[in-house]
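> got a predicted model here, sequence first, then my questions.
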Amino acid sequence: MSAEDDARPPISRSGFDSGTGIYSSVHQLSDHLKVPTDPDLDIASFVLSQFPHPHDAELKLALIDSTTKQQLTYAQLYRSIRSLAGGLYRLGVRKGDVVFLLSPNSLLYPTICIAIFSIGAILSPANPINTPSEIAKQVVDSGAKLAISAPEELHKFERIQVPTIVTSHQSKNNGSISIEELIECGNPHELPEIKIKQSDTAAILYSSGTTGTSKGVVLTHSNLITTARLVRWYAEGTSSQKDIFLGFIPIFHIYGLGFFGFGLFCSGITTVLMQRYDFQEMVKAIEVHKVNNIPAVPPVVLSLVKHCKGNSSLSTVRRIGSGAAPLSKELTEAFRAQFPWVEIRQGYGLTESCGAATVFMSDHEAKAHPGSCGALLPSFSAKVVDIGTGFALPPYKEGELWLKGPTIMKGYLGNEEATNATLDKDGWLKTGDLGYFDEEGFLYIVDRIKELIKHNGYQVAPAELEAMLLSHPNVLDAAVIPVEDEESGQIPMAYVVKASTSQLTEEQVIQFVAAQVAPYKKVRRVEFIDAIPKSAAGKILRKQLILLTQRPIHSKL
């Protein structure tokens, strides 16, 4: 050790180095979970190599369809992937070709994803609720050479000039080739050796990112392989290998793709897949299949708290994870009070970080750090950067979270300006999220920087007010948006979903919040609404709410 090293302040238990301003993960990957260094490796080969032993694979269930009860063993999944890869290759799909996928969750979805990866093609999935114009935009922007569609979504491709095949045939009237037919007729031995490198592009997922408009996030095979390793690290660290997981998170989203598209297969885990989220169907699936583990989003946690009082439906569940959007301290505590036997832990990640960044490894940690979304995953580093000065900040100081790690995206597809605005020259990802670390290295996200409401020079975090509103017994859901105001710049306005039997008034909501916050944070206007618009991953679609409020509001409070 040099004299210069001796003079530097020690790294604290938070992982913070005051000399560099960098937080480093306190977690390490054990030797058997280290990410392979072989540059000639693809995510499909890696995942298939982690499947159970061939004899066990014939018996071990990989997937169960919650609706049809159809089951797929690991051996059947392996054969389906290899056969489909051969079928796609025979259709002319080659390394570097982009394949667009539009479908709800199904037993075929993971097979399609991994088969695409295995021939070096590039997966670009989309939300099935997207409009034809949104689909056309993604097909063109991604440069897709082939589209795969669920039969019920095929009509959205009528004006899109790209070859399209369906996932399955609901009737024999359609002349399209189906994925099911390619699997049935495919010969895995027809597939030639395809040289794929870890540095090659594996997927293009579309995200609003940190600058507002939808952009193609370019993820490499290396990004996905590391994600798979981290999922297995988490499964082993929490003894989840024998759990039954429930998958209603859409696989087109990085959260669903990382878990149900490939990640959980590396631990031999069984997943019950739901085509799409439905509260009553979720409760039924938990009871029927004795589900133990549920990757979820905050709106699902809220629904359980609001609608499962005195319900023993979750008796088999031992853990619920939450991601994709902030889970408030208040909602977490309400959930624990109602379901004390269920561990609930929040994690944090972005599409640009392949869904990975922080996690809790124990319930004790989660309870000891309410409101936090965990500590940095192995191999990750972070900085908290002052928005005004650009200086890196120590624990408990709020700033923009920057991340660095092996799952960070390659960049935004064909958008150098957006890439340079989000990734600096040293590889740091500027997340656009306002947050801080505590003295033990646990991360707290305050809000999106661009969503902060600027009231008389003060910054108001919508997430803080939303958590407060959700603590009201007659509020089922809530969202807070900025409304332009001539005197103060912006004022906080709340959209509230109230209980059907409630007589809750605007003034009562305003006073409820005002009694708990500083004057500048007060909600100044309330409107009641039937439902808060949200993305498939549970994020509030604030832009839709802002469109409902076109006129400037002149504050009188």
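Yep, that arrived.
> need the next SSE after the strand or helix carrying K430, C-terminal direction.
K430 is part of strand 429-437 when elements are defined by DSSP states H and E. Note on strand 429-437: by DSSP H and E, the next helix or strand toward the C-terminus is strand 443-448.
> and that next one, C-alpha only, in CSV?
Provided in CSV are the C-alpha atoms of strand 443-448 (Å, rounded to 0.1, in the frame of the first residue of the first chain):
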residue,chain,number,x,y,z
LEU,A,443,-30.6,3.6,-1.2
TYR,A,444,-33.7,5.8,-0.8
ILE,A,445,-35.4,7.2,-4.0
VAL,A,446,-37.2,10.5,-3.4
ASP,A,447,-38.7,11.0,-6.9
ARG,A,448,-37.9,11.5,-10.6
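> against which helices or strands is the helix or strand just after that strand packed?
Next along the chain after strand 443-448, taking DSSP H and E as the criterion, comes strand 453-455. When contacts are defined as 3 or more CB pairs under 8 Å, 6 or more residues apart in numbering; DSSP states H and E, strand 453-455 packs onto strand 458-460, strand 475-485, strand 489-498. C-beta: built from backbone N, CA, C; applies to glycine.
> okay, the angle between the last one and strand 475-485?
Between strand 489-498 and strand 475-485, the angle comes out at 160 degrees (axes from the mean of the first three to the mean of the last three CA atoms, to 10 degrees).
> strand 489-498: which residues count as buried?
Q490, I491, P492, M493, A494, Y495, V496, V497, K498 (16 or more other CB atoms under 10 Å).
> which one of the residues you listed is nearest to S103?
Of all those, the one with the least separation from S103 (CB to CB) is V497, at 29.8 Å.
> residues touching that closest one, list them.
Shown in contact with V497 (CB atoms under 8 Å, 6 or more residues apart in numbering): V475, L476, D477, A478, F528, I529, D530, A531, I532.
> and it, how close does it get to P533?
11 Å (CB to CB, to the nearest Å).
> what stretches of the chain score poorly on pLDDT?
Across the chain, residues meeting the criterion (pLDDT under 70) sit at 1-12, 170-175, 208-213, 310-311, 456-459, 486-487, 537, 550-557.
> can you tell me the centre-most residue of it?
For the chain, Y255 is the residue whose C-alpha lies nearest the centre (CA atoms, centre = their mean; 3.1 Å).
> returning to what we had before: V218: which of the helices and strands packed on strand 453-455 is closest?
Per CB to CB, nearest to V218 of the helices and strands packed on strand 453-455: strand 475-485, 31.1 Å.
> could you check the angle strand 443-448 makes with the closest one?
Interaxial angle of strand 475-485 relative to strand 443-448 (the same axes, to 10 degrees): 50 degrees.
> okay, buried residues for strand 475-485 please.
Neighbour counts over strand 475-485 (16+ other CB under 10 Å) mark V475, L476, D477, A478, A479, V480, I481, P482, V483, D485 as buried.
> pull up the pairing partners for that strand, direction included.
Take DSSP bridges as the rule and strand 475-485 pairs in its sheet with strand 489-498 (antiparallel).
> elements contacting the strand holding K430?
In terms of contacts (3+ CB pairs under 8 Å, 6+ apart), strand 429-437 is packed against strand 381-385, strand 399-404, helix 416-422, strand 443-448.
> who wins for proximity to V317 among these?
Short answer: strand 443-448, nearest of the helices and strands packed on strand 429-437 by CB to CB, at 25.1 Å.
> given that closest one, what are its sheet partners and their directions?
Per DSSP bridges, strand 443-448 is paired in its sheet with strand 429-437 (antiparallel).
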